[in-house]
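**Q** Quick one: sequence plus predicted model below, questions after.
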Amino acid sequence: FSLGLEVLPDVPEVALESLSLTRLTAEPGEERVDQAVANLVRARTSYKPLAELRPAMSGDQLVVDFDGAVDGASFEGGRGEGMTVVLGSGAMVPGFEDGLIGAEAGVEREVVARFPESYGRAELAGKEARFKVKVNEIRAAEPITVDDAWAESLGFDDLADLRRMFRERIANDLKAMSRNRLKRELLDQLAAAHRFEVPPGMVEIEFESI
């Protein structure tokens with residue numbers, strides 16, 4: 001039998017005293033907590049049909065059918081029926097939601113939108129799209145009063161307890177970001193200070209992992 005093996009490289013001894021690392025710290029500001037609460041409010045918002053017909057406005061939920069085209073041709077994902085869109089949520093292609101402000105139920109209008117340059121599909125990135133949109137229904141948001149009673153309905157002791165939960169969650173996220181940055185800084189310093197041959201198999205495994 002003939003057996004070929006790759007062995008772990010001989011790693012030189014690390015001079016720990018030569019390493020200098022900085023751990024960044026950050027405390028969650030109240031603005032971050034306010035934003036987290038606002039996001040929860042949006043996620044918990046329910047919608048009801050309009051009591052009196054009126055044009056659509058920011059914050060409304062629309063039920064729409066749409067058919068889009070780029071350079072005059074249909075594209076994958078460019079059609080939808082009975083889709084719900086919340087105006088101002090930023091969930092759709094930039095320009096789509098803005099183009100429906102003032103629309104009326106039962107009326108079709110053309111909306112012009114543009115895909116971001118960084119859009120995940122290269123064939124659509126940066127392209128202008130034109131959508132024929134029919135608004136089937138306009139629904140208004142049910143107002144939510146952010147107070148202790150609302151927080152209690154979500155299982156918290158009061159609003160302060162809800163905010164405390166978000167503050168702790170944001171603080172943990174910041175600590176994780178700081179740790180990842182510190183780890184990257186350490187690895188960069190080690191890589192800059194040491195050179196040794198690495199078996200091709202190890203390089204391949206790391207490449208496939210990435």
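**A** Arrived safely. Numbers count the residues shown, from 1 in each chain.
**Q** Need the per-residue pLDDT for Val14.
**A** At Val14, the pLDDT value in this model is 88.
**Q** That one - nearest residue in space that isn't next to it in sequence?
**A** Leaving aside its sequence neighbours, Val14 sits nearest to Leu190 (C-beta to C-beta, 6 or more residues apart in numbering; 6.8 Å). Glycine gets a C-beta too; all of them are placed from N, C-alpha and C.
**Q** and if you look at Glu81?
**A** With C-beta to C-beta, 6+ apart, the residue lying closest to Glu81 is Asp65, at 4.7 Å.
**Q** how much space is there between that neighbour and Glu168?
**A** 44 Å (C-beta to C-beta, to the nearest Å).
**Q** who has more neighbours, the two?
**A** When Asp65 and Glu168 are compared for neighbours, Asp65 comes out ahead with 15 against 11, by other C-beta atoms under 10 Å.
**Q** Isn't that one up against Met83?
**A** Yes: if you go by C-beta atoms under 8 Å, Asp65 and Met83 touch, sitting 7.4 Å apart.
**Q** Okay, and the beta partners of the residue nearest to Glu81?
**A** Lys134 (DSSP bridges).
**Q** In contact with it, which residues?
**A** The contact partners of Asp65, by C-beta atoms under 8 Å, 6 or more residues apart in numbering, come to 80-83, 133-134, 136.
**Q** Neighbours of the closest residue to Met57 other than its chain neighbours, how many?
**A** Nearest non-adjacent residue to Met57, counting by C-beta to C-beta, 6+ apart: Ile101, 6.5 Å away. Neighbouring residues of Ile101 were enumerated by other C-beta under 10 Å; the total is 13.
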